[in-house]
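Novice: Generate a structure from the sequence data that follows.
(chains A, B, C, D, E and F)
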6 protein chains.
Amino acid sequence: QDSGDSWLPSLLTETPAQGFDLAVTMARKGVTTTQGDKEVLFAVRPNYARDPQSLIDVSGVIAMYFATIAEANDHWEN
Amino acid sequence: QDSGDSWLPSLLTETPAQGFDLAVTMARKGVTTTQGDKEVLFAVRPNYARDPQSLIDVSGVIAMYFATIAEANDHWEN
Amino acid sequence: QDSGDSWLPSLLTETPAQGFDLAVTMARKGVTTTQGDKEVLFAVRPNYARDPQSLIDVSGVIAMYFATIAEANDHWEN
Amino acid sequence: QDSGDSWLPSLLTETPAQGFDLAVTMARKGVTTTQGDKEVLFAVRPNYARDPQSLIDVSGVIAMYFATIAEANDHWEN
Amino acid sequence: QDSGDSWLPSLLTETPAQGFDLAVTMARKGVTTTQGDKEVLFAVRPNYARDPQSLIDVSGVIAMYFATIAEANDHWEN
Amino acid sequence: QDSGDSWLPSLLTETPAQGFDLAVTMARKGVTTTQGDKEVLFAVRPNYARDPQSLIDVSGVIAMYFATIAEANDHWEN
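Specialist: Numbering: from 1, shown residues only, chains lettered A, B, ... in the order given. Below is the predicted model of the structure:
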């Protein structure tokens, strides 16, 4: 249980916008979990943040997490 | 709660076409969230908007968001 | 409401084949929405229509839209 | 209704293996719909059929269609 | 009905681990269906099995099939 | 039944964070299943762990597994 409950206690959020923020957090966690060395990460990030293809692909990963979060929140239905 | 509720108050739209527009907005938000520097974004966009691969990939991200939005709207069923 | 209701009034179609056609339309709309300049689009299309990778990726985007359309139509179940 | 009902009358199949075959057909249809010129298609296919990346990507598109077909068939549950 | 029922009689498995094995089988079938020439396949495989990008992409295709299989098995719920 | 039940006895976890860890495990299993030679794997990993594109793609595969795991756990709903 080394990745504690702290970073992801629940998929529930109050609003869709907060759900989107959570999706961004989860997409980043997927990257930092694979490359745990923070120095490498800091070196890598400026590159992909300027590469159109990478930006689009990150957007796609966020979209996948958002789909899961939206479902967990019953799409925040009124 | 820095990304306010304003940009995404709800996933509900009146029509499928408006749902598609919302999917486009969300796909773009995924890009701007990762690269917050607007100058870099403006420099990057002309490139990917002319690159066939990027255009197709953006279309794929829109498709993912549209799937979530369509489900939230019960596919706008009659 | 600038993208009018006209191009996507509903996700419902009479047959799976018509649902596939709608998926193709939606995948293309995702491309034209990002690159609105028709001259650039016409220049870009011959390239990706001959590039195997692009053809496969377009096919993948169509598949995503088809999944959503199929669900909206209860998979056209008999 | 130019793509007639003939090529895709239904998503229902008798067995999972037949559902897989249908998914292969649909993935190919996505490619031929975008590049309708059969001469170009014949020239393109030998290339992607030898490119590992393309083979894997085609397999991914088949997987997407299979997911939809499996759902339409209630996963062929016993 | 040329791909007989033998290779995929059912999506049901006894355990999640067996479901994962089935997903691997299906991902490979997607590749061999597109490139039926075994000599070409044998030449191609050593390449993609050493290419990090290909290994990750294959993993993604397996993930897609696993999602479908998990659903068919009601996620093997206790 | 060569990949024993041991590595994946269930998709159920107590918390979302543990579900994320399981998704990471499954994404890696997809890679090691395709390239079983550990020496090649050890040679390949340093490369993709420094390549931004690979890190993002791995994150995408984790997202897919997480979606399945979250569903199996009824999204860990309160």
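
Novice: what distance separates stretch A:70-78 from the centre of its chain?
Specialist: The offset between the C-alpha centroid of stretch A:70-78 and the centroid of the whole chain comes to 18 Å, using Cα atoms, centre = their mean, to the nearest Å.

Novice: near chain F, anything from it?
Specialist: Yes. When contact is scored as Cβ under 8 Å from any Cβ of the partner chain, part of stretch A:70-78 falls within range of chain F: A:71-72. Where you see a C-beta, it was placed from the backbone N, CA and C, and this is true even at glycine.

Novice: when you scan that stretch, is anything in it near chain B?
Specialist: Yes. Part of stretch A:70-78 sits near chain B under the criterion Cβ under 8 Å from any Cβ, namely A:70-71, A:75-78.

Novice: what two of these are the furthest from one another?
Specialist: Taking Cβ to Cβ, the two most distant members of the residues of stretch A:70-78 next to chain B are A:Glu71 and A:Asn78; they sit 16.3 Å apart.

Novice: Who has more neighbours out of the two?
Specialist: When A:Glu71 is set against A:Asn78 and neighbours are counted by other Cβ atoms under 10 Å in any protein chain shown, the residue ahead is A:Glu71, at 17 against 6.

Novice: what about that one, helix or strand, and which?
Specialist: Assigned by DSSP states H and E, A:Glu71 belongs to helix A:52-72.

Novice: Contacts only, for A:Gly19.
Specialist: Applying Cβ atoms under 8 Å, 6 or more residues apart in numbering or on different chains, one finds that A:Gly19 lies in contact with A:13, A:66, A:69-70, A:73, A:76.

Novice: What residue in chain A comes nearest to chain E?
Specialist: Across chain A, no residue is closer to chain E than A:Thr34, which sits at 9.9 Å (Cβ to the nearest Cβ).

Novice: got the residues of chain A near chain F?
Specialist: Along chain A, the residues adjacent to chain F under the rule Cβ under 8 Å from any Cβ are A:1-12, A:26-27, A:29-31, A:33-35, A:40, A:44-45, A:47-48, A:51, A:53-54, A:57-58, A:60-61, A:64-65, A:67-68, A:71-72.

Novice: Separate out the buried members of these.
Specialist: The neighbour-count test (16 or more other Cβ atoms under 10 Å in any protein chain shown) applied to these identifies A:8, A:10-12, A:26-27, A:29-31, A:33-35, A:44-45, A:48, A:51, A:53-54, A:57-58, A:60-61, A:64-65, A:67-68, A:71-72 as buried.

Novice: Could I have the CA atoms of stretch A:57-75 written out in PDB?
Specialist: Below are the C-alpha coordinates for stretch A:57-75, written out as PDB (Å, rounded to 0.1, in the frame of the first residue of the first chain):
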ATOM      1  CA  ASP A  57      -1.800  12.700 -26.400                       C
ATOM      2  CA  VAL A  58      -1.800  14.000 -22.900                       C
ATOM      3  CA  SER A  59      -5.300  15.500 -23.600                       C
ATOM      4  CA  GLY A  60      -6.400  12.000 -24.700                       C
ATOM      5  CA  VAL A  61      -5.200  10.400 -21.500                       C
ATOM      6  CA  ILE A  62      -7.100  13.100 -19.500                       C
ATOM      7  CA  ALA A  63     -10.200  12.300 -21.500                       C
ATOM      8  CA  MET A  64      -9.900   8.600 -20.600                       C
ATOM      9  CA  TYR A  65      -9.700   9.400 -16.900                       C
ATOM     10  CA  PHE A  66     -12.500  11.900 -17.100                       C
ATOM     11  CA  ALA A  67     -14.800   9.300 -18.600                       C
ATOM     12  CA  THR A  68     -14.200   7.100 -15.600                       C
ATOM     13  CA  ILE A  69     -14.600   9.900 -13.100                       C
ATOM     14  CA  ALA A  70     -17.800  11.100 -14.800                       C
ATOM     15  CA  GLU A  71     -19.300   7.700 -14.600                       C
ATOM     16  CA  ALA A  72     -18.400   7.400 -10.900                       C
ATOM     17  CA  ASN A  73     -20.200  10.700 -10.400                       C
ATOM     18  CA  ASP A  74     -23.300   9.600 -12.400                       C
ATOM     19  CA  HIS A  75     -22.200  12.400 -14.800                       C
END
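
Novice: so does it get close to chain D?
Specialist: No. Under the criterion of Cβ under 8 Å from any Cβ, stretch A:57-75 makes no contact with chain D; the nearest approach is 13.1 Å.

Novice: I'd like the distance from the residue of chain A at minimum distance from chain C to E:Val40, if you could.
Specialist: Using Cβ to the nearest Cβ, the closest approach of chain A to chain C is made by A:Ile56 at 9.9 Å. As defined by Cβ to Cβ, to the nearest Å, A:Ile56 lies at a distance of 32 Å from E:Val40.

Novice: For the closest residue to the residue of chain A closest to chain E other than its chain neighbours, give its distance to F:Arg45.
Specialist: In space, and not counting its chain neighbours, A:Thr34 is closest to F:Val58: 4.9 Å by Cβ to Cβ, 6 or more residues apart in numbering or on different chains. F:Val58 sits at a distance of 11 Å from F:Arg45 (criterion: Cβ to Cβ).

Novice: Show the contacting residues for the residue in chain A that chain F sits nearest to.
Specialist: Across chain A, the shortest distance to chain F (Cβ to the nearest Cβ) belongs to A:Gly30, at 3.0 Å. By Cβ under 8 Å, 6+ apart, the contact set of A:Gly30 is A:61, F:24, F:58-60, F:62-63.

Novice: Measure how far the strand or helix carrying it is from the centre of its chain, please.
Specialist: Counting by DSSP H and E, the element that carries A:Gly30 is helix A:16-34. Taking the mean C-alpha point of helix A:16-34 and that of its whole chain, the gap between them comes to 1 Å (Cα atoms, centre = their mean).
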